[in-house]
Each structure stands twice: as C-alpha cells, then as structure tokens.
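[1] Fold the following.
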Amino acid sequence: MSKKDEKKNKPQQPEEPKAEEVKTEEAKPAEEPAPEEKKPSEADALKASLAEANDKYLRMLAEYDNYRRRSQKERESIYADVRADTVKKFLPVYDNLARAIQHETDEETRKGVEGIFNQLKAILEGLGVTEIETVGKKFDANLHDALLHIEDEKYGEGEIVLELEKGFKLGDKVIRFAKVQVAN
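    Numbers count the residues shown, from 1 in each chain. This next block holds a predicted model:
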C-alpha cells in the first residue's frame, strides 16, 4: 500500500491545535449563563434587604405618627370632658347666687353676693362657658328643654316666653340645656 492509501484508510484523528490557537482559546472569557440562570449577586441581595428595611421603617414611622395624633385627640377629648364635668358642678352655685341676688333685701349683702356672682361669671367666661340665649328666641331642641307650653296670640309660633333655668355651652358643646316655657 502506498502512503496515500494508508492516509485514506486510516481514521482521521483531529489535528492538534497549533500553539497560537491554544492561547486564543484560553484568553476567551467563559460564556455567561442566560439571564434566567443568573444568581442574584450579593449587591442585589443587599439592595433588596435595604429596601425591605426602609419600607418597614416608613410603615413604623407612619404608625407611630397615627398613634401620636390619636393619643393627642384622646387627651384633648378627656380634658374637654373633665372640664365640662367640673363646670357642671359649679352651675348650682351659679343658680343659687342668682336667686340670692333677686331675693336679697339688705343692700350691703346684695352687693357682696353680686360681687361673688360676678367673680364666678368671669371665671366661667374665662373657661369658655357661655349662657344660652332664651327669652324671645325660637325654640331649638338642641339648646332648650321645653318644660311648659302656653297658648298666647301675642307670641309667635315656638317662641320662648319664660326661662326657668339657665342653659350653658362650653364651646359648641351644650353642658346644660336651658329649661324654658314655649308659646303656641
């Protein structure tokens, strides 16, 4: 057999790569995996952790702010209720001093009682307590309590004729309804 025939019959072996080719293959970077196969890097994990911690912090801050506002409203409400209850306890004293002024015959005693009455009135006004207007006004169930009713043509429909007991408001809240007599 000739050398040519031997080459034909011989199974071909892959040729050995030349030295230059080996160097270029080693220098090629390894192929990057597909984006689906990428593992999250440490930086991405830290960013996600930071975002989660920041979200928790903002939620906690908002919760605390809501709690603070709610607590402030509750304190103000409690303060207003206690103030109204305290003022209610002084209203009978107010009524008694007003009656004493009307029925006192001794001028010096009357002046002394008027002085005390005016002091009490000034203190109540300083606390924001106001008297509810009655006589000559229209009856309002939100402010007045009708105890008596009369039929009289000289008064208008639902007009308050007589005040039996003063009513008081603390701000917009009625702390004691005015007891009145209503016409028609």
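[2] same for the longest helix seen in the chain, what does it pack against?
    In the chain, taking DSSP state H as the definition, the longest helix is helix 42-103. On a contact count with 3 or more Cβ pairs under 8 Å, 6 or more residues apart in numbering; DSSP states H and E, helix 42-103 meets helix 107-126, strand 168-170, strand 173-176. Using the backbone N, CA and C atoms, a C-beta is placed for each residue, glycine as well.
[3] So which other helices or strands are in contact with the first one?
    Same thing as helix 107-126. helix 42-103.
[4] re the thing from before, now the longest helix of the chain and helix 107-126, what's the angle there?
    Orientation note: helix 42-103 sits at an angle of 160 degrees relative to helix 107-126 (axes from the mean of the first three to the mean of the last three Cα atoms, to 10 degrees).
[5] Which of the helices or strands spans Glu163?
    Taking DSSP states H and E as the definition, Glu163 sits inside strand 160-165.
[6] Which of the residues in stretch 174-184 are classified as buried?
    Val174, Ile175, Arg176, Phe177, Ala178, Lys179, Val180, Gln181, Val182, Ala183 (16 or more other Cβ atoms under 10 Å).
[7] OK, contacts around the third one?
    What that stands for is Arg176. Going by Cβ atoms under 8 Å, 6 or more residues apart in numbering, Arg176 touches Lys88, Leu91, Glu165, Lys166, Gly167, Phe168.
[8] Would you mind checking those residues for buried ones?
    For these, buried by 16+ other Cβ under 10 Å: Leu91, Gly167, Phe168.
[9] Tabulate those residues in JSON lines, adding columns for pLDDT.
    Shown next, in JSON lines, are the buried ones among the contacts of Arg176 (pLDDT from 0 to 100):
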{"residue": "Leu91", "pLDDT": "96"}
{"residue": "Gly167", "pLDDT": "96"}
{"residue": "Phe168", "pLDDT": "97"}
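[10] Roughly how far does Gly156 sit from Gly128?
    To Gly128, Gly156 is 32 Å away according to Cβ to Cβ, to the nearest Å.
[11] which of the two has more neighbours?
    Gly128 (14 against 11; other Cβ atoms under 10 Å).
[12] For the more buried one, grab phi and psi.
    phi 90, psi 10 (degrees, to the nearest 10).
[13] In a markdown table, list the helices and strands packed on helix 42-103 along with distance to Asp65.
    Shown next, in a markdown table, are the helices and strands packed on helix 42-103 (distance: least, Cβ to Cβ, whole Å):
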| stretch | distance to Asp65 |
| --- | --- |
| helix 107-126 | 34 |
| strand 168-170 | 30 |
| strand 173-176 | 28 |
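[14] Quick check: which of those is buried the most?
    strand 168-170 (a mean of 19; mean count of other Cβ atoms under 10 Å).
[15] could you say what helices and strands that one packs with?
    helix 42-103, strand 129-131, strand 173-176.
[16] of all the ones you listed, which lies closest to Asp140?
    strand 173-176 (10.1 Å; Cβ to Cβ).
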